[in-house]
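Student: Please work out how this folds:
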Amino acid sequence: MSPRTSMANPLKKLASCVILDLDGTLLNTDGIVGDILRGFLSKYGKQWDGREAHKIVGKTPKEAAVVIVEEYGLPCLADEFAAEVYPLFSSQNIIPKGWNDQIVMFEFSNLRFLEAAKRLKKEPSSCLVIEDSIPGVTAGKAAGMEVVAVPSIPKQTHLYESADDILNSLLDLQPEKWGLPPFKDWIECTLPIEPWYIGGPVVKGFGRGSKVLGIPTANLSTSNYASLLSEHVSGVYFGWAGLSSRGVFKMVMSIGWNPYFNNTEKTIEPWLLHEFEEDFYGEELNLVIVGYIRPEANFPSLESLITKIHEDRRIAERALDLPLYSKYKDDPYLLRCSDSNCNHL
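Tutor: Alright, predicted model coming up:
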């Protein structure tokens, strides 16, 4: 039995094969769509944060254009919007899900899943579908298959209730729950990931880390990391944090919407696992994120949230002593600082 499987997560149903919807699951096309729409809307002083995505999924180009123009009050016609934006998608060799009149009916019907089962020579009832869109989930269920939803729409999981399981991301998929071979890359309750790097001056957050939770976080501005955040799913990560004037420290962090507090924007909130005697707002903080712990979740009480955060801390502290992760403590990026921030230290 996998260490991540317990009696609280029993076997759901035996599956003999997996059918994945490539777009939005294995390929991060949603990030490209977001970048294009974000850039276009900024010309009109508007901000795209992805929450309107569910209103355009499954729409034809004209229908989607009407939704966006009306939703944002743009001073242009839907046809003008489509004429300017659609070529930008084509230049990236992608077609937003449902934004092609010729394939929209097949894309969101059960026929594609039934055809896949036929080619695999499997009964539909033995197939496990992984989908990111609401129409795709509906189509998978209509084909008589089990469906795991990995929503591409932030904070809209309630729209996917027809799915047999709902995951924050593919990082949380447990094949053994469906009678399939388990993944073997989890180590000490952590999942190693390709390291990624972010840095910038420490900014003031919502003021609840120390005051409400008793957990002082060193927040980073997300203004320069919109694309990077779209590539990485919400959840709890860990790694190393470097302050050029203070050294390198273990770190656990949350990226996401903090559902308990119902944030309206995606945030980056690192917790440096060290007792500091003073604040360091404005100092350059560089992070090397090396592993994943769990998905973002809501909690029934503040006490249960605090308990879980401290459990995340213990997991991160132990894991970062493993050679797999500890080697990144010496990454030169950690103590790098920009000229503007080095000058006043």
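
Student: Regarding stretch 228-245, how distant is the last residue from the first?
Tutor: Terminal residues of stretch 228-245 lie 26 Å apart, using Cα to Cα, to the nearest Å.

Student: And it, what's buried?
Tutor: 229-230, 232-244 (16 or more other Cβ atoms under 10 Å). C-beta coordinates here come from the backbone N, C-alpha and C atoms, glycine included.

Student: quick one: least confident of those?
Tutor: For these, the minimum pLDDT belongs to Ser230; the value there is 70.

Student: And it, how close does it get to Tyr333?
Tutor: Computed with Cβ to Cβ, to the nearest Å, the distance linking Ser230 and Tyr333 is 22 Å.

Student: and if you look at Val69?
Tutor: Applying Cβ to Cβ, one obtains 42 Å for the distance of Val69 from Tyr333.

Student: Tell me which of these two has more neighbours.
Tutor: Applying other Cβ atoms under 10 Å to Val69 and Tyr333 shows that Val69 carries more neighbours, namely 18 against 15.

Student: pLDDT on stretch 80-90, on average?
Tutor: Per-residue pLDDT values across stretch 80-90 average out to 82.

Student: Touching it from outside, list them.
Tutor: For stretch 80-90, the external contacting residues (Cβ atoms under 8 Å, 6 or more residues apart in numbering) are 32-33, 36-37, 40, 61-62, 64-65, 68-69, 74, 95-96, 99.

Student: tell me the least confident of these?
Tutor: The lowest pLDDT within those belongs to Trp99, with 52.

Student: residues near the nearest residue to Thr25 once chain neighbours are set aside, how many?
Tutor: Distance criterion Cβ to Cβ, 6 or more residues apart in numbering; nearest residue to Thr25, sequence neighbours excluded, is Asp132 at 5.3 Å. Applying other Cβ under 10 Å, we find 25 other residues in the vicinity of Asp132.

Student: Helices of the stretch 201-345 of the chain, residue ranges please.
Tutor: Secondary structure of the stretch 201-345 of the chain (DSSP state H, counting those that start in this stretch): helices located at 226-231, 302-319, 323-326, 339-342.

Student: and those helices as a markdown table, adding distance to Leu173?
Tutor: Conversion of the helices of the stretch 201-345 of the chain to a markdown table gives the following (distance: least, Cβ to Cβ, whole Å):
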| stretch | distance to Leu173 |
| --- | --- |
| helix 226-231 | 18 |
| helix 302-319 | 19 |
| helix 323-326 | 21 |
| helix 339-342 | 40 |
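
Student: ok, now which ones touch the residue nearest the centre of the chain?
Tutor: Against the mean C-alpha coordinate of the chain, by Cα atoms, centre = their mean, the closest residue is Val233 at 1.4 Å. Residues touching Val233, when contacts are defined by Cβ under 8 Å, 6+ apart, comprise Asn168, Ser169, Leu171, Ile255, Pro295.
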